[in-house]
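Enquirer: Whatever this is, show me its structure:
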Amino acid sequence: MRVAWVLVIVAWSASARADGLQDEVYLHPLDAFTAQTLHAGEVLYAQPVSPLPGWAQVGVTDDLTTEVDVTALLGGFFIAPHLPVPSFNVRYRVRDGGRARASIAVEGMAQYLWHPYAQEDFPTFRLVRDKLGGFLHVNASVPVAEHLWLHLSAGASYADLLAVQNLGRAGSHQRVFRDLVSPDVSVSLDERWTPWLSVHATASYGATFVYADNQPRKLQLAYGLRIAPLRHSTHAILRDLRLELAALVLYRPDARELQALYIPLLPYAYWQWQWH
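Expert: Residues are numbered from 1 along each chain as shown. Okay, here's the model as predicted:
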């Protein structure tokens, strides 16, 4: 199912929007928040390790990029009350600094869960969210050198209900928050070494977008790389293929729980192309 879905979407790709990673728009590299937006008609489709489709982002204009979380919309049918889970993200660029000056964008996300949902459910840790959640951020992307970028983001997230608890420990720690408004901040660097390889590191507190998404009050370090393994292929589905490999270190102070994958092995694939 997953392979068929990806093939159907990427088969429509006519041409890559940029020649390799050094020229591409980066939206959330290694869970960063950038101020870059897709060009009008440009499409990004991301597929995590999941039996369901991932998420898609579309450049509505050169300054406005919108996202549809296909995983949430379709995955909602598999849990009570078996309805699609509304989940949307919008980014609007208010200043385009190009490669010489800082770019600035405003990004917002909203997600609604019909019932309490255990987003994280492990033998030693459980995190439950319910009802409305999301964030509002101001992002800045600063070109430090020709292929070196600094990305900064600050804002706040909201959670109607957030419950975190460690399990199976000698001392139990848990917190339950209702109508929570919490600060978010992140700092990221990406070095686009070659057209086929870039390296990244992101430190953040609060809600992020990709891996442990929409979870306030967490400390996270993400680092890893992106590769364009087949960018010279004449076949669109191979030429536009990109891979992100991530290492994640997450700490939830409310539960005193650390989760870590120190080697960049957590993968997802994405395709980025110009729609015609």
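Enquirer: Next one: residue 27 from residue 96, what distance?
Expert: Remark: distance between residue 27 and residue 96 (CB to CB, to the nearest Å) = 15 Å. Where you see a C-beta, it was placed from the backbone N, CA and C, and this is true even at glycine.
Enquirer: which one of the two has more residues nearby?
Expert: In this view residue 27 and residue 96 are compared by other CB atoms under 10 Å, and residue 27 has more residues nearby, 25 against 15.
Enquirer: from what I can see, that one looks like it's in a strand, true?
Expert: No. Checked against DSSP: H, G, I helix; E, B strand; the rest coil, residue 27 lies outside a strand; its state is coil.
Enquirer: these two touch, right, it and residue 38?
Expert: Yes. When contacts are counted by CB atoms under 8 Å, residue 27 is listed as touching residue 38 (7.3 Å).
Enquirer: residues bridging contact with those two, i.e. touching both?
Expert: Listed contacts common to residue 27 and residue 38 are 44, 57, 65; contacts here mean CB atoms under 8 Å, 6 or more residues apart in numbering.
Enquirer: Parallel or antiparallel, list what pairs with the helix or strand hosting the first one.
Expert: Assigning secondary structure by DSSP states H and E places residue 44 in strand 42-48. Taking DSSP bridges as the criterion, strand 42-48 forms sheet pairs with strand 55-59 (antiparallel), strand 257-274 (antiparallel).
Enquirer: sec struct for residue 72, please.
Expert: Here residue 72 is helix, with the state taken from three-state DSSP.
Enquirer: Distance of it relative to residue 133?
Expert: Distance from residue 72 to residue 133, counting by CB to CB: 11 Å.
Enquirer: neighbour count winner among the two?
Expert: The neighbour comparison of residue 72 against residue 133 (other CB under 10 Å) goes to residue 133, with 25 against 20.
Enquirer: Show me how far the host helix or strand of the more buried one is from its chain's centre.
Expert: Element membership for residue 133, per DSSP H and E: strand 125-145. Here strand 125-145 is found 9 Å from its chain centre; the criterion is CA atoms, centre = their mean, to the nearest Å.
Enquirer: tell me which residues of that strand are tucked away?
Expert: Within strand 125-145, the residues that count as buried by 16 or more other CB atoms under 10 Å are 125-131, 133-135, 137, 139-141, 143.
Enquirer: what about residue 33, which helix or strand?
Expert: With DSSP H and E as criterion, residue 33 is part of no helix or strand.
Enquirer: List the residues that contact it.
Expert: Contact analysis of residue 33 by CB under 8 Å, 6+ apart lists 107, 137, 139, 151, 153, 186, 188, 209.
Enquirer: Can you give me the distance of it to residue 162?
Expert: Distance, residue 33 to residue 162, by CB to CB: 20 Å.
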